[in-house]
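1. Requesting a structural model of the entry that follows:
(2 chains)
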Amino acid sequence: MAKISRKHRSTGRRSPLATVALLAIGLLTTGGAYALATTTATAESQAAAANEQLIEEGKKLFAANCASCHGLNLEGSKEGPALVGVGALAVDFQVGTGRMPMAFQGPQAARKAPQFTQDQIDAMAAYVASSGPGPALPDERFLEATGDAAKGAELFRINCAMCHNVAGAGGALTEGKWAPQLKGLDARYIYGAMVTGPQAMPVFNDLNISPEEKRDIITYLDYVSENPSVGGFDLGSLGPVSEGLFIWIFGLGGLVAITVWLTARSN
Amino acid sequence: MAEHHDSAADGSAVELSEPRTVTSGTAVISADRFENPGLPVDHQRVTDLDPAQERKAERRIIWLFWLSLIGSVFAIAAYFIWPIEPGNMTSTRMNNLMLGIGITLGLFGIGLGAVNWAKSLMHGHEEVEPRHDTRGTEATRARAVEIFQQANAESGFTRRRLLRNSLIGALVVAPLPAVVLFRDLAPADEPHELLRHTMWEKGTRLALDPSGAPIKASDVTVGSVFHVIPESLAKLGHGDGYLEEKAKAVVLMMRLRPEELNEAEDRKDWSYDGIVAYSKICTHVGCPVALYEQQTHHLLCPCHQSEFDVANHCEVIFGPAARPLPQLPITVDAEGYLVAQSDFHEPVGPSFWERER
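-> Here you go, the predicted model:
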């Protein structure tokens, strides 16, 4: 082998300039490639760094405000469930509606004024989402009340009305739990609740109720919130209990009062 | 209490002043008899005593009648000021409200005014009119008998026996067609047979209510609840008994973690990887049981608060329901869609007389 190559070399002609040219080409390509690689990498790494920073910030907020129940690594404890893979949407719903952090352990976490700014919520959502794949925030177009209210009403009656009342006025569940009223809510929280199934509520994933159908339901709830009851005073839309109580107390009470007045002596 | 009246504690008994001498039930104990208090003192109203009050009352009543006038005119005006616009339901509400207020004032003003007039201005002397005897005079009674006898003689009611009996017979038979007609309101043959079976049969796909789209097992995530109908039901029109079939066949399908289910040995293969399907019709009086709490796995019936435990074959844990919800045995077909293994193994819904037969 050595013999052959030596022979080959000895027979080949090589200009001294060829080495220089080769060196120049080599340097230029590697340098250019490096320069190209470094510029794209910077853009990517900047986004990654920003996301990393958001996650880092979320992690700090989580450790300070949530970890006592949900664990420092989202592993949960006997006070609160594990949050690995619940997704950004669950955090946005729970913290955005003030349900988390919970004021106290009870049958159900109540809606209250949110305890964090939207930026802080986004940071915590990014941190929780980084732990595993889960539902993310929906596309804005599914949150606009531009769907079919009639179809939404039918889906609402089939899937939601048994707990939340046909007019979205809410209702009682067992052992101190309740289904909250749904009028005048931000559409992202209606959507988030359907997808993530918070607390006692079951999950309605996109294969059960598609995003378009969720938009129809949001449209129906928007219609109910915006339009007053056609039948007049709705007494909270609570159905036969409030209506019966009203007519038995005030309706019959009024009749009894008039009867007493009719037969009473004039003074 | 009769044997106690001699030994009763002070203040706890009415003491009789004399022993009973007649059988119980017929006795009127005269010593204890309620005394006739006589007529109350004649009542004088302020309007009788004070002319200024009388004028005031009159003005008040005039105002009530004027209120009625204003209300009636307002109702007429309101009908035109707030018209019902086609397609605008809110306009109906406003129209009804204003019309109602106007008519209420119109009627109530007249009523209140009239009653006030009678009570405070019309003469207020109390008068006593004794009740007359219920028994008529002998002459009236004799005349009544005479009328009956005369009618009998003139009509021949007791003399023309065949005629009379024919009339009685016709009267008795005349209502019978109604019995036949009303009998026919019930289903012609054994209505309870309809309650024993639903549309579910071997291989029927579980589909979404109301779209009828079949459901894959992989679509059902843990914690989900699906409102399910048989795939074949979605193709039925309302004229083909859609609602009748739906009322029996609706199913609630949930997915739990498989380790959360406590399944009986003979029903282990009725679920699929934690997915269970139960009839949505309450076994109490047939309301749709659909309030599912995914953390406790309890199903609540909204009508009478019966609670069913999905983790334990929907056994009743609270409320008036007497039986667990019937379970629909399910599995998956070759394409991964959820299908029924068979119909329900018992009649769904509330009890009926022939259920155990």
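
2. Pull out the buried positions in stretch A:157-171.
-> Residues A:158-165, A:167-171 are the ones in stretch A:157-171 that count as buried (16 or more other CB atoms under 10 Å in any protein chain shown). Glycine gets a C-beta too; all of them are placed from N, C-alpha and C.

3. Go ahead and report the secondary structure state at B:Phe157.
-> On the three-state scheme (DSSP: H, G, I helix; E, B strand; the rest coil), B:Phe157 is labelled coil.

4. isn't it right up against B:Leu167?
-> No: contact between B:Phe157 and B:Leu167 fails when scored by CB atoms under 8 Å: they sit 9.3 Å apart.

5. tell me which element the closest residue to A:Ala126 other than its chain neighbours is part of?
-> Computed as CB to CB, 6 or more residues apart in numbering or on different chains, the closest residue to A:Ala126 that is not its neighbour in sequence is A:Leu54, at 4.6 Å. Assigned by DSSP states H and E, A:Leu54 falls within helix A:16-65.

6. The helix or strand just after that helix near chain B anywhere?
-> Counting by DSSP H and E, the next helix or strand C-terminal to helix A:16-65 is helix A:67-70. No: shown here: helix A:67-70 not in contact with chain B (CB under 8 Å from any CB of the partner chain), separated by at least 15.4 Å.

7. What lies in contact with helix A:67-70?
-> The contact list for helix A:67-70, computed with CB atoms under 8 Å, 6 or more residues apart in numbering or on different chains, reads A:Phe62, A:Gly76, A:Ser77, A:Glu79, A:Gly80, A:Pro81, A:Ala82, A:Leu83, A:Met102.

8. if we go to 10 Å?
-> A:59, A:61-62, A:73-84, A:86, A:100-102, A:105, A:128 (CB atoms under 10 Å, 6 or more residues apart in numbering or on different chains).

9. who touches the residue nearest the centre of chain A in this structure?
-> Taking CA atoms, centre = their mean, the centroid of chain A lies closest to A:Leu89, which sits 2.5 Å from it. With contact set as CB under 10 Å, 6+ apart, A:Leu89 has these partners: A:96, A:125, A:128-129, A:134-138, A:188-189, A:191-196.

10. How about it: what's its closest non-neighbour residue?
-> In space, A:Leu89 is closest to A:Pro135, 4.3 Å off (CB to CB, 6+ apart).

11. Report how many residues lie close to B:Ser218.
-> Using other CB atoms under 10 Å in any protein chain shown, B:Ser218 is surrounded by 12 other residues.

12. Report pLDDT for the closest residue to it other than its chain neighbours.
-> Spatially, and ignoring its direct neighbours in sequence, B:Ser218 is nearest to B:Gly336 (6.5 Å; CB to CB, 6+ apart). In the prediction, the pLDDT value recorded for B:Gly336 is 91.

13. the domain parsing of chain A - what is it?
-> Per automatic domain parsing, the structural domains of chain A span A:14-137, A:139-227.

14. on that earlier part again, closest one to B:Asn96 out of the buried residues of stretch A:157-171, please.
-> Relative to B:Asn96, the closest of the buried residues of stretch A:157-171 is A:Ala167; by CB to CB it sits at 19.1 Å.

15. Enumerate every residue touching residue 219.
-> Assuming you mean chain A. A:Thr219 neighbours (CB under 10 Å, 6+ apart): A:Glu144, A:Ala145, A:Thr146, A:Gly147, A:Asp148, A:Ala149, A:Ala150, A:Lys151, A:Gly152, A:Ala153, A:Ala187.

16. hmm, I had chain B in mind actually
-> A:Asn205, A:Asp206, A:Leu207, A:Asn208, B:Leu208, B:Ala213, B:Phe226, B:Arg255, B:Gly336, B:Tyr337, B:Leu338.

17. For burial, what's the neighbour tally of the fifth one?
-> Taking other CB under 10 Å as the neighbour definition, B:Leu208 ends up with a count of 25.
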